[in-house]
Structures are given as C-alpha cells and as structure tokens.
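A.B. asks: After the sequence you'll find the predicted model.
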Amino acid sequence: ATTASPSPCVSTHLLSRAYYSTGYPERKVAILGAAGGIGQPLSLLMKLNPFVSSLSLYDIANTPGVAADVSHINSPAQVTGYVGEEQLGKALEGSDLVIIPAGVPRKPGMTRDDLFNINAGIVKSLCVAIAKYCPNALVNMISNPVNSTVPIAAEVFKKAGTRDERKLFGVTTLDVIRAKTFYAGKAKVPVADIDVPVIGGHAGITILPLFSQAAPKANLPDDDIMALTKRTQDGGTEVVEAKAGKGSATLSMAYAGAVFADACIKGLNGVPAIVECSFVESSVTELPFFASQVKLGKDGVEQVFGLGPLSEFEKQGLENLKPELKASIQKGIKFANQN
Ligand code: NAD
Ligand code: LMR
C-alpha cells in the first residue's frame, strides 16, 4: 500500500527528516562487504534511508562492530550484523535489495581488470548464495571490474534458474555523479540542476559521458568536452592515485551507491518516473550488457532507454569502447561457466 508520496527528487533528500514517511512496504536491504571502505559509509547512508525497514550487514569480518555502531542512529531501519559464510544465508533471507561492495580495491598502477582474479570468485560465491536465499531480490553490483562481475552474476543466476534480467544492475552512478560535478565546474551552472547521462561500462574508455545531452546546455567548446570526458573516464584513477595505495573511491562511491539503491527501492515501491543510468542486460547495442538510462519499477528494470542523438565525438567514443567492453563481458561469462 502507498500513502503519502515523497518528493520525486532522489539525490538531494537522502538525509532530510521531512522526507521520512510511513505507509510504504517493509523493505529489507542486505549489504555484502559492509565492513569495508565503501561498506561502512554505505551502511550509514542506508540506515538513514526512510524506506529501509531492515538493514542486514554482512562481511567476512568486523560486521558486529559496524552493525552495533550504525544501529544506535535513531532512524527506523532495524540493523543486524552477520559475519562469516555460515551466516550469509540468514543475512540474505527475505532481502528485497542486495548491494555488493565486497572485494579488493585498486592500488596505483592497476586497472580494474587486475582485480578480476580475486573479485570474480568472491562475486560468484555471493551470487550463488543470493540465488539460493533471496532469488527475487534486486542486486546492485559495485565490486570491480563491474564490466565482468555483472556478467558473472547473470551466468550464476542463469545456472541456478533464477535469472531475471530486470533485477541485476551494475552500479555506474559514480560516473554520473563525477560527470555532473566536473560539468558544473566547467559550465559554471549550479551542480544540483545538472543531468548528464553516462553510457557504456565502468572502466576507462568504456565510460562514455554524453555531454551533448547535458542539461542545462552550456555550449562548451570541443576541447572542454574532450577534457571533461577524459576526466570522467579517469575519475577512479584520480582517486586511486590521490589515496596513494590506501584504496579507491569509498565516500563518493557510498553516496553513489546510496543514491542508486534509493532509486531501486522507490521503483519497487511504485514511485513513478525513477530513471538512473546502470549497466544492465541490454539490446541497445550489439553487446549483451550495456549502461544507459533505465526506468526503475516494481520488478526492477521497467524500460531500458536508447542512447538518443550522439555527437560525432560520442559516436566515435561508442565505437572505440565496444571491443574492450565486449572482451570484459566475455571474460566474465567464461569464468562463470568454467569454475
Ligand atoms: P575494501 O577492501 O575497503 O572493502 C571490501 C570489503 O569486502 C572488506 O570489508 C572485505 O572483508 C569484504 N569481503 C571480501 N571478501 C568478501 C566476501 N567473500 N564476502 C563478503 N565480504 C567480503 O574495498 P572498497 O574500497 O570498499 O571497494 C570494494 C569494491 O568496490 C572494490 O572491488 C572496488 O574496486 C569497487 N568499487 C567500485 C566502484 C563503482 O563505481 N562500481 C567504485 C569504487 C569501488
Ligand atoms: C571508481 O570508479 O572509483 C571505482 O571503479 C574504483 C576504481 O578502481 O577506480
């Protein structure tokens, strides 16, 4: 049942007390990797989300402390910490949404693909458990390399007989957030007003911001657009280098993860017109997975939007990204079926 309808604005009202509302269905959210660099601030932000009634924090270590800490915040969500594989089933049971920031982050000099050897196995085993304990949950994949971990998850769900292409999402919201921030700086427009779609995937040149579709329009010169595109593509590396061996983006990622999770829950709750970019199963291009704008509804993806008109620079960027994205997708599919 739905009663009071919240403001349609997703990102700026996460923490607003006025935004708390009742009458929405109970929603259980599980975070796998909840004690990590992303997991902890994401747990905090999900505890503040008024639509979450139960927050399940799972990791291989340290979750009791994180759960005890977060649980003292006076918001409605009931928090439980689970630690170790034997508690994974309980952590997942009844979940409407599972967010996965489990796995190792980059160090300077590494690509996201260099994380494949460790993170592919972690993601695979977590997805086997999701298929068993909460097969109907939406899954928000944060663990890198997203271009491969999402196909791994899809294959695991296919093998388990639970695959539903509407319910699996690679989280690319951080690319959108970066594109908005960098564009606002250059275009001298208020950052809160900006929209920029980001398509493709989530690594290097596979990240393709569509500044030609940015709103409000700023008519920036071509060399500014090229520089903004490159900065958005290299945004993750910028943080990895600044952290100098102490990991990758955690705080901005937790924010991005919370924005995307909030959009997913709103979609589940029947809030209309919820649109975000995400790396999903797609027929928008010839690639089986692709990030573009998607409409979120009661069963997850309700509509995958096409790319709209692209500039010549963006058309070239789209062709340039396809071979790398295709190889990363194939690598994930092969891993899931070999091991
Ligand atoms: P981190 O090392 O700080 O935290 C990872 C957590 O995962 C740790 O607490 C660890 O114990 C846990 N973990 C490891 N194996 C696990 C398992 N089998 N089950 C449950 N938990 C497990 O790393 P981080 O900085 O939080 O980054 C996590 C991942 O997110 C990395 O792969 C990173 O590249 C990725 N990331 C993605 C984006 C994106 O935009 N999609 C942005 C930033 C980081
Ligand atoms: C990011 O974009 O910040 C993440 O994918 C982490 C990374 O390795 O860059």
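C.D. replies: Looks like it arrived, so ask away. Residues are numbered from 1 along each chain as shown. Ligands and ions are numbered 1, 2, ... in the order given.

A.B. asks: C-alpha from now on. contacts and neighbour counts both.
C.D. replies: Fine.

A.B. asks: Quick one: name the residues of the stretch 1-150 of the chain near ligand 1.
C.D. replies: Residues of the stretch 1-150 of the chain lying close to ligand 1 by Cα under 6 Å from any ligand atom are 32-33, 35-39, 59-61, 101-106, 122, 142-144.

A.B. asks: among those residues, which are in helices?
C.D. replies: Mapping these onto helices (DSSP state H) picks out 39, 122.

A.B. asks: give me phi/psi at the residue positioned nearest the centre of the chain?
C.D. replies: Most central in the chain under Cα atoms, centre = their mean is Val171, positioned 2.0 Å from the mean C-alpha point. Main-chain dihedrals, Val171, degrees, to the nearest 10: phi -80, psi 110.

A.B. asks: Nearest residue to Leu42 in space, please, no chain neighbours.
C.D. replies: Ranked by Cα to Cα, 6 or more residues apart in numbering and with sequence neighbours excluded, the top spatial neighbour of Leu42 is Ala254, at 4.5 Å.

A.B. asks: Would you agree the one you found falls within a helix?
C.D. replies: Yes: counting by DSSP: H, G, I helix; E, B strand; the rest coil, Ala254 falls inside a helix.

A.B. asks: residues touching the residue of the stretch 51-200 of the chain found nearest ligand 2, list them.
C.D. replies: Per Cα to the nearest ligand atom, Arg106 is where the stretch 51-200 of the chain lies closest to ligand 2, at 4.9 Å. By Cα atoms under 8 Å, 6 or more residues apart in numbering, the contact set of Arg106 is 112, 114-115, 240, 245, 247-248.

A.B. asks: Glu302 now?
C.D. replies: Here Glu302 is in contact with 166, 294-296 (Cα under 8 Å, 6+ apart).

A.B. asks: Go ahead and list the helix or strand containing the closest residue to ligand 2 within the chain.
C.D. replies: Nearest residue of the chain to ligand 2 (Cα to the nearest ligand atom) works out as Gly236 at 3.2 Å. For Gly236, the element it lies in under DSSP states H and E is helix 235-243.

A.B. asks: who does that helix touch, helix- and strand-wise?
C.D. replies: Applying 3 or more Cα pairs under 8 Å, 6 or more residues apart in numbering; DSSP states H and E, one finds that helix 235-243 makes contact with no other helix or strand.

A.B. asks: Would you mind pulling the contact partners of that helix?
C.D. replies: The contact list for helix 235-243 (Cα under 8 Å, 6+ apart) reads 106-108, 175, 178, 246-249.

A.B. asks: With stretch 203-211 instead?
C.D. replies: 112, 145-147, 175-176, 179, 196-201, 225, 229, 232-234, 310, 314, 317-318, 320-322, 324-325.

A.B. asks: Quick check on these: which are buried?
C.D. replies: Neighbour counting by 16 or more other Cα atoms under 10 Å classes 112, 145-147, 175-176, 179, 196-201, 225, 229, 232-234, 314, 317-318, 321-322, 324-325 among those as buried.

A.B. asks: quick one: average pLDDT of stretch 227-241?
C.D. replies: Regarding stretch 227-241, the rounded mean pLDDT is 98.

A.B. asks: when you scan that stretch, is anything in it near ligand 1?
C.D. replies: No: judged by Cα under 6 Å from any ligand atom, stretch 227-241 stays clear of ligand 1, getting no closer than 7.2 Å.
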